[in-house]
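>>> give the three-dimensional model of this entry:
(chains A and B)
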Amino acid sequence: MKRSLVFLSCALVVALVVPALAHAFGDEIVVGFLVPLTKKGASYGVQSRAATEVAVEEINAAGGIAGRKLRMITKDTEGDNALAIQLARGLIDKDQVLAAHGPQWSAEAEAVFPICERSKILCFSPTSTKPGVSAPYSWAFRNTVDENVLVPQTLKWVKENYPWVKKAAILTDVKDAYSKSLGHDTFRPRLKQFEIEVVEDVDYLTGDTDFSAHITKIKAKNPDMIAVGGTWVETANMMKEAQKQDLRVLWVGGVGMGNARIVENAGLASEGAVHNATYDKDATTEMNQSYVKRLLAKVPNETPHWPAANCYDAMKMLAQAIKQANVANTPKTLDADRKKVRDALATIKDFPALTSADGKITIVDIVGGKHAGDAIKKGTLIQVQNGKFVPVGEGKAVALKLR
Amino acid sequence: MQSVIGSLVSVFTGVFALGEADLITIGINMIMGLSMFLPMTVGQLSFGQAGFMSIGAHIAVVLTLYAGVSFPIALLAAGLGSGGVGFLVGVPVLRLRGLLLALVTFAFAQVVEVFFLNFKPTGAAEGIRGIFPYTNLWYVFGFLVLLVAFLARLRRSRMGRAFEAVKLDETAAEAMGINVTRAKLTAFSAGAFVAGVGGGLYAHHAVFIQYDNFDFKRGVDIAMYMVLGGMDVLYGPLLGAFVITYLSTALQFLANWRWEVWGSIVILVMIFRPQGILGRDTLDIRRWREVVTGTPQRSVP
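Predicted structure coming up:
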């Protein structure tokens, strides 16, 4: 018994220690993909991986990149910064990938982007939304748009359709960097710009469920709208509380409100709520229809969400960049190839994509003499009407009558 | 000397397919495992090491980034600052025993997390970016070697034997004239010191820190290094940290099944070796002869 145990543990050690296979250059183009599949962020990551796989399959079915097959090495970061660093270094040094697709979370991006900068390899994060994360690193790019571009579009629509909105309250999740910046740095100044007075400014924390105090405080000031710097989970609870206290307002959110489950959770209380999204899962374009079909074949029980669509678009853009870069794809030219891919991605303009209302994405390398690395997209305004997410404005459905 | 170490390291890294980033993370996790082992030498189970790590990380970063202090001095300050907090926390807390102490130290880690969430000078929820990548293999393993040498000597010293006595039976130790409170406080603060240095090393490796890098999950991970590796000998946390850190990258090819495999390994270890993989008996040659030959050796009186 004991002897077999010793043998077993030896076998286990040998099995784990088998070194990674050498990377094949030539006919195969290899990119790394960093995504959380377990622990923190798994709920997003699993669908994002499926979406990226769909993109890779489509690229290879269409003949690959200039005749070469595209292969993706997927690594699970568990949403952990230190592990993301280890895996990124492994992809860059051991697997010798041409470029990295990822990481997904802003915190991981903060840790991995400096490594890309030092190793001189393109890191293209599809979903990091915290403002300015890619700005300090010239090798870092993101397939996301600054809320400062989307929020004015939302508020303009609000002013046009609901002229009675004069006073607003802001609810901000200060535990999450993206939400905090949306509430404090975007909504605050932008509301003033659109001549909506901010009468109350309340903070909360990710995971809060009881908003009775927050809503009571807001109700005392009697605002016409509430702007939420936060994500849909907490927002649904706020809406329910407001309904309980009979506070009737227009709810306005950012990209983080974009999950149809907010309607399931808040029910009638979410009626009329509006947010700006870059991806519309019900878009009738041929591109979106075929994407959703292929995605749901891989993850049947999920509702398509924007991070996954962002991953799909990012992989397509990356493939386009590699094609444009005309890489030699040999171990000797790896450094030069990586540089070419980075420069090619920086020039992508009007790329046909899912995650923009007009179907076009442009990558911005330099703004005012400085590197930015973010994307320019157009948002679609989405309003909850009769318990459904409905695209509104500019030739789409009309606004719901609230008063 | 340097070339000898270099070639040994390259053999090791070649076999395990490890890169520099893997080795640094493994080294830092080993340091964190030992920081948990130190309070354990007096029988105190502390779940607050992630909190001390956070304090150390923030002190070191503020010093190198804003005050321009050199890295070794910043590390020392991180250790002392964190150790000082450990001392202050230890005075009231070490009256508690067993599960209660574990709960209080756990709560302490939560307090630290929420503090840095709201502390504006260190970026609050946004964290600090642009930290200099000072941490390298020499800093990590230099400190680790010093620490292991210290702990190895400690066991044979007067203080180490006092710790051992306190761990086995506090009342008896007190009756023998050992100052139990002082022994506990020393071990607890020393553990906080080590965790603070580990935090400083982590921050200058990750080059970005925010409050939730040092959350409940990290506290559990640190505890696992010691529980899996062995809590009776100082080599236990080292092995545990290596195995756990290595597995999270080595088992990547198993994708989502990784955690099932990992959980099974832990369960097997806990069934066959409740004291962890390594224990006092591991280096006992006589016991190994029994295992290999299958015949019980007569013990010499």
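>>> surely residue A:359 and residue A:286 touch.
No - when contacts are counted by Cβ atoms under 8 Å, residue A:359 is not listed as touching residue A:286 (10.8 Å). All C-beta atoms are positioned from the backbone trio N, CA, C, and that covers glycine.
>>> so for the two, which sits in the more crowded spot?
residue A:359 (17 against 8; other Cβ atoms under 10 Å in any protein chain shown).
>>> what about the closest residue to the more buried one other than its chain neighbours, neighbour count?
Nearest residue to residue A:359 in three dimensions, chain neighbours excluded: residue A:352, at 5.8 Å (Cβ to Cβ, 6 or more residues apart in numbering or on different chains). Neighbourhood size, residue A:352 [other Cβ under 10 Å]: 13.
>>> partners of residue A:352 in the sheet?
residue A:360 (DSSP bridges).
>>> ok, it - contacts?
A:287, A:359, A:360 (Cβ atoms under 8 Å, 6 or more residues apart in numbering or on different chains).
>>> ok, now how distant is the residue of the stretch 101-250 of chain B found nearest chain A from residue B:126?
Closest residue of the stretch 101-250 of chain B to chain A, Cβ to the nearest Cβ: residue B:208 (3.7 Å). Counting by Cβ to Cβ, to the nearest Å, the gap from residue B:208 to residue B:126 is 10 Å.
>>> which one's more surrounded, those two?
The residue with more neighbours, out of residue B:208 and residue B:126, is residue B:208; 25 against 21, by other Cβ under 10 Å.
>>> now the closest residue to that one other than its chain neighbours: which helix or strand?
Computed as Cβ to Cβ, 6+ apart, the closest residue to residue B:208 that is not its neighbour in sequence is residue A:110, at 3.7 Å. Element membership of residue A:110, judged by DSSP states H and E, is helix A:106-119.
>>> buried sites along that helix?
A:106, A:107, A:108, A:109, A:110, A:111, A:112, A:113, A:114, A:115, A:116, A:119 (16 or more other Cβ atoms under 10 Å in any protein chain shown).
>>> what helices or strands is the following helix or strand past that helix leaning on?
Note on helix A:106-119: by DSSP H and E, the next helix or strand toward the C-terminus is strand A:123-125. Applying 3 or more Cβ pairs under 8 Å, 6 or more residues apart in numbering or on different chains; DSSP states H and E, one finds that strand A:123-125 makes contact with strand A:100-101, helix A:106-119, strand A:140-142, helix A:306-325.
>>> ok, stretch A:248-257 near chain B or not?
No - judged by Cβ under 8 Å from any Cβ of the partner chain, stretch A:248-257 stays clear of chain B, getting no closer than 14.3 Å.
>>> avg pLDDT for that stretch?
For stretch A:248-257, mean pLDDT rounds to 90.
>>> ok, back up a step: please report the distance of the residue nearest to residue A:359 from chain B.
From residue A:352 across to chain B, the span is 31 Å (Cβ to the nearest Cβ, to the nearest Å).
>>> cool, and residue A:283?
Taken as Cβ to the nearest Cβ, the span from residue A:283 to chain B is 30 Å.
>>> checking that residue next. Helix, strand or coil?
Following DSSP: H, G, I helix; E, B strand; the rest coil, we place residue A:283 in the coil state.
>>> now for it: which residues touch it?
residue A:354.
>>> of the contacts of residue A:352, closest to chain B?
Using Cβ to the nearest Cβ, those come closest to chain B at residue A:287, 28.7 Å.
>>> how far away is that closest one from residue A:179?
In terms of Cβ to Cβ, residue A:287 sits 31 Å off from residue A:179.
>>> these two: which is more packed in?
More crowded of residue A:287 and residue A:179, by other Cβ under 10 Å: residue A:179, with 26 against 13.
>>> just the element for that one, please.
Going by DSSP H and E, residue A:179 is part of helix A:177-180.
>>> please save the CA atoms from that helix in PDB.
Written as PDB, here are the backbone C-alpha positions of helix A:177-180 (Å, rounded to 0.1, in the frame of the first residue of the first chain):
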ATOM      1  CA  ALA A 177     -12.600  51.600 -10.100                       C
ATOM      2  CA  TYR A 178     -14.700  51.800 -13.300                       C
ATOM      3  CA  SER A 179     -17.900  52.600 -11.500                       C
ATOM      4  CA  LYS A 180     -16.300  55.200  -9.300                       C
END
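>>> please look at the residue of the stretch 101-250 of chain B closest to chain A and residue B:123 and confirm they touch.
No - the criterion here is Cβ under 8 Å, and residue B:208 misses it with residue B:123 at 9.9 Å.
>>> spell out which residues of the stretch 201-301 of chain B are next to chain A.
Residues of the stretch 201-301 of chain B that fall close to chain A, judged by Cβ under 8 Å from any Cβ: B:202, B:205-208, B:210, B:212-213, B:217, B:246-252, B:255-256, B:258-259, B:272, B:291-292, B:294.
>>> filter the residues you listed to the buried ones?
Buried among these by 16+ other Cβ under 10 Å: B:202, B:205-208, B:210, B:212-213, B:217, B:246-252, B:258.
>>> grab the nearest non-local neighbour of residue 118.
Assuming you mean chain A. Residue A:118's closest residue in space is residue B:133 (Cβ to Cβ, 6+ apart), at 7.6 Å.
>>> you looked at the wrong chain, it should be chain B
residue B:124 (6.0 Å).
>>> number of nearby residues for the one you found?
By other Cβ under 10 Å, neighbour count at residue B:124 equals 17.
>>> for residue A:326, same thing?
There are 13 residues near residue A:326, going by other Cβ under 10 Å.
>>> residue A:80 now?
A total of 25 residues lie near residue A:80 under the criterion other Cβ under 10 Å.
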